[in-house]
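[1] Dropping the sequence and predicted coords here.
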2 protein chains.
Amino acid sequence: MSIDAARPTINDVAERAGVSRTTVSNALNGKGTIGAETIERVKRVADELGYEPNAMARGLRQSKLGVISLLIRPLESLDTAMPEGVDYFLRFAGSAALAAMDHGYSLMLISDPTKPGAPPSSLAADGCLVEAPIRNDPALTLLDRKRIPFVAVGVDPARADAFPAIAQQTERDTRLALDHLLDAGARRVALVTGTDENSWNAHARRGYEQWAAEHGIEPMIRARDETSGVDGGRTVAHELLTGDAPPDGVYCLTGRHAAGFVAGARELGVGVPDDLLVVAGSDAVMNRTSTPTITALDLRPVETARLAVDALIRLLDGEPVDWSSLDPASELVVRDSTSRRNGDAAVTA
Amino acid sequence: MSIDAARPTINDVAERAGVSRTTVSNALNGKGTIGAETIERVKRVADELGYEPNAMARGLRQSKLGVISLLIRPLESLDTAMPEGVDYFLRFAGSAALAAMDHGYSLMLISDPTKPGAPPSSLAADGCLVEAPIRNDPALTLLDRKRIPFVAVGVDPARADAFPAIAQQTERDTRLALDHLLDAGARRVALVTGTDENSWNAHARRGYEQWAAEHGIEPMIRARDETSGVDGGRTVAHELLTGDAPPDGVYCLTGRHAAGFVAGARELGVGVPDDLLVVAGSDAVMNRTSTPTITALDLRPVETARLAVDALIRLLDGEPVDWSSLDPASELVVRDSTSRRNGDAAVTA
DNA sequence: CTGAAAGCGCTTACAG
DNA sequence: CTGAAAGCGCTTACAG
C-alpha cells in the first residue's frame, strides 16, 4: 500500500553506482563499450533500487512508445461494452493483443479519438488499428492528418483505396453463404443486414443484389440495428415470415440476428431447417450451441487480427507491405440450420 | 499512405503563430491569461497544421500518461488468446475499457511484466489492474516495488491483505451454489475446480470443504486445467460417474468444464437434471444456449470491472477507497440443469 | 498579457 | 572504457 517514495530514476542509479547517466543507460541497454564489472555493478544497483526505465521518457527520446492502439468501430454503436454473444470483436482484440506482444508492443483499446471527450492518450500510440471503419470515417481522416500510421480492417466504403487496409472479401463470402443456401434447397432467399455504414454491410448488400439478379431471385432485404441483437432478429423474422411471399432461406449478417430469426420462426411454427434455412454471416458461440445449431461464416477474427498487427508493424518499421495478399479467407461452417434430413435430393431438383 | 512529413510540434505552431511555446501551451490548454485574439489565432494555426500535443511529452512532464493497464492472469495459462466460450474476461476487459474512458483514461492490455520478453510499455501505465492474481504473484510484487499503483481483482491467496484488492466473495458464492444443489435434490455433491493457484480456485475449495463437513457429505474434489475446457469437463465426468459412488450433483467452477461435464454425463446415459444436477461457477454463453441450459453463477464481470477501475482512479487521485464495501454481489441464475420437472418434492425428502 | 528558462527522464552522437 | 552535453516535446513557475 505504498505510493509514497518516488520511483527511482536513472540519476538515482548513476549516483549510487558512482557513474554517469550515460554509463547506466549503456550498461542496462547493452550499448556502447562498458567494462564488465561496471555493467555488473550498475545492474546490481538498478536491481537494488527497483529501477525501471520510464517508458514515457524513453518513448519521447526514441519517438516510439511500444504501443499499438485498437479502435473497434462497431462497439460505439452497440449500447453496451462487450455485448453477450458477440465474440468476433472480443476474439479479434485478444488475438491482436497477443500478436502485438510478439513484436514487443502492448495493445491499447481506445474510443473514437474524434469525439470531444476522448482521452489524449487515444492518440498516444505508435500506430493504430481500426476495425470496421464507417463511411468517410473521421477517425481515419484524423489519423491520416496526424500522420499516425494505421491499418484499417475492412475498407472505408467511400474511400476503398485511400488508406492501408486489410480488405475483407465480403462479396465473395456473401456468395459462399448464398450459394450454400441455394444448394441446400432454398429458392427465395432474404438478406438481413445491420445498419452501420461499414464495408461489411455495404458489400454484403451489393453481393446479394448481384447474386439475386444472376439467379433471377426477387431481392428481399431488411436492415436492423446491430444493437437490436437477438430481439431484432426475432422481429424481422415476424415481418418477413408473415408477409405475402415469405422466404425459405435467410442470410443474417450478424450471429445474434440469426439466432433471433430462428427463435422468431419457431414462434410462428416455421421449422428450421425443414421450412426455412438460416445462415449467419458471423460465427458466435450461440450459433454453435443453440438448437438447432446455426450454419455460419467463420470470419477468422484471430487470424485477421494477427495479419493486421503484422502489417501495421511492418508499416511502422518502414517495410513494404503487400496488401493484396492479405486475405483472411473466411470459411463456411455448415450446421443443422441448413442440413435437411431428407435433404440433398431437393438441391439438385 | 503517408508517413513522410513529420508530425507538427508545439514549436511549429509557435513559429507560425508568431508567439512563444508558452503561449501556445497556455492558449490550447486554457491556462494562464492570454488575449482572446491570440487564443483564436493559436487555435486556428494549430488546426491548420493538424497539431496534436505529443502524449508522451505531456505525460513525461505531468507524470501522468492517461493510461491504465490490465493484466488478466488466467489468460496466460490458457493456450489461446481469447478462448471460445470464456466470456468473463472479455466482458471484464470491455467494461474496464469503457470505465477507464469515462475517467479520461485508455485501457492497455498487457502481458506478464515479470517475464523476460515483456514489452517495456507494460510498465508504462499510470496504474494497473490485475485480474485473478496467483499465489505470491510476482507481478504484484513487481508493481509494488516499482511503486505503480494497482488494484487486484481477487486477492493473492498467499497475501490476502497485503495489497489493495477487490475481494471477491468466493466462499459465499460457493455456498450459494452448493446450497442450491442441495435444495434441488442432490445428496452427493462433487466439486470440479481449475488448477490455477488463484483465490477463485483456492477459496471455492475451502468453501466446499467446510460446507461438506457441515452437511456430513463426503468431499469429492477434482481439479482440471483451465485449458482443458469442454474436454476436461467431459473426462472428469467419466472419471466421477463411473466410480464407486458417483455424485448426483456437481459444481464445476468454469463454464466450459460444466458444459463438458453435461456432455460426458450424456455419453454415459446419465440424464441432466434427472440423474445429475449441474451448476457452473461462472456464467458463459454456452451455459445459456446449451441443451439443457446450465445453472450458473453470474460473477458480474461488467460491474466488477467498473468497481475496480473506479477504485484505481481514486488511488491515483490520492483519494480514500473503502475496500470493504466493494462487493460485486454474484447471483445464481437457475436454469434447466438444476430444475427437475417432478422436482421439489425430493428436496425436502 | 506574454515569453525565457528550467526541467520531466531518458538516449545518443561525440569528445576524451 | 567513460562522461558532458544536447535534445526528444511538452508544462510550469516566474519575471517582465
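    Yep, that arrived.
[2] what's the nearest residue to the residue of the stretch 201-349 of chain A found nearest DNA strand D if we skip its chain neighbours?
    Across the stretch 201-349 of chain A, no residue is closer to DNA strand D than residue A:316, which sits at 16.2 Å (Cβ to the nearest atom of the strand). The way it works is simple: take the backbone N, C-alpha and C, and place the C-beta from them, glycine included. Nearest residue to residue A:316, sequence neighbours excluded (Cβ to Cβ, 6 or more residues apart in numbering or on different chains): residue A:127, at 5.1 Å.
[3] Isn't that neighbour up against residue A:150?
    Yes. Between residue A:127 and residue A:150 there is a contact under Cβ atoms under 8 Å: 6.2 Å.
[4] who touches both of the two?
    residue A:312 (Cβ atoms under 8 Å, 6 or more residues apart in numbering or on different chains).
[5] ok so, going back, how many neighbours does the residue of the stretch 201-349 of chain A closest to DNA strand D have?
    Each residue near residue A:316 was counted by other Cβ atoms under 10 Å in any protein chain shown, and the total is 16.
[6] now do residue A:256
    Residue A:256 has 28 nearby residues by other Cβ under 10 Å.
[7] what about the nearest residue to residue A:281 once chain neighbours are set aside, neighbour count?
    In space, and not counting its chain neighbours, residue A:281 is closest to residue A:253: 3.8 Å by Cβ to Cβ, 6+ apart. Close neighbours of residue A:253, defined as other Cβ under 10 Å, add up to 28.
[8] who does residue A:332 bridge with?
    On DSSP bridges, the residues paired with residue A:332 through beta bridges are residue A:297.
[9] so it touches residue A:176, yeah?
    Yes. Checked against Cβ under 8 Å, the pair residue A:332 and residue A:176 is within contact range at 5.3 Å.
[10] Identify the contacts common to the two.
    Counting by Cβ under 8 Å, 6+ apart, the contacts common to residue A:332 and residue A:176 are residue A:297.
[11] Torsion angles phi and psi at residue A:165?
    Backbone dihedrals for residue A:165, given as degrees, to the nearest 10, come out at phi -150, psi 150.
[12] any idea which helix or strand carries residue A:306?
    Assigned by DSSP states H and E, residue A:306 belongs to helix A:301-316.
[13] mean confidence score for that helix?
    Here helix A:301-316 scores 92 as its mean pLDDT.
[14] And stretch A:327-340, by the same measure?
    pLDDT averaged over stretch A:327-340 gives 90.
[15] What are the buried residues along that stretch?
    Within stretch A:327-340, the residues scored as buried using 16 or more other Cβ atoms under 10 Å in any protein chain shown are A:328, A:330, A:332, A:333, A:335, A:336, A:337, A:338.
[16] For it, measure first residue to last.
    Terminal residues of stretch A:327-340 are spaced 32 Å apart (Cα to Cα, to the nearest Å).
[17] For it, report the contacting residues that lie outside it.
    A:166, A:168-169, A:173, A:176-177, A:180-181, A:184-185, A:258, A:262, A:272-274, A:277-279, A:283, A:287-288, A:291-300, A:303-304, A:307, A:346.
[18] again, 6 Å this time
    A:173, A:176, A:180, A:184, A:272-273, A:277-278, A:292-300, A:303-304 (Cβ atoms under 6 Å, 6 or more residues apart in numbering or on different chains).
[19] Spit out the contact partners of residue A:27.
    Counting by Cβ under 6 Å, 6+ apart, residue A:27 has contacts A:34, A:39, A:42.
[20] Please repeat the previous calculation with a cut-off of 7 Å.
    By Cβ atoms under 7 Å, 6 or more residues apart in numbering or on different chains, residue A:27 lies in contact with A:34, A:38, A:39, A:42, A:43.
[21] So the residue nearest to it when sequence neighbours are not counted: helix, strand or coil?
    Nearest in space to residue A:27, with sequence neighbours left out and distances taken as Cβ to Cβ, 6+ apart, is residue A:42 at 4.0 Å. Secondary structure for residue A:42, judged by DSSP: H, G, I helix; E, B strand; the rest coil, is helix.
[22] what about residue A:42, neighbour count?
    By other Cβ under 10 Å, neighbour count at residue A:42 equals 24.
[23] From DNA strand D, how far out is it?
    For residue A:42, the distance to DNA strand D under the criterion Cβ to the nearest atom of the strand, to the nearest Å works out to 9 Å.
[24] try residue A:96
    27 Å.
[25] Show me what the helix or strand containing that residue is packed against.
    Per DSSP H and E, residue A:96 falls inside helix A:88-102. Here helix A:88-102 touches strand A:67-72, strand A:106-110, strand A:127-131, helix A:301-316, going by 3 or more Cβ pairs under 7 Å, 6 or more residues apart in numbering or on different chains; DSSP states H and E.
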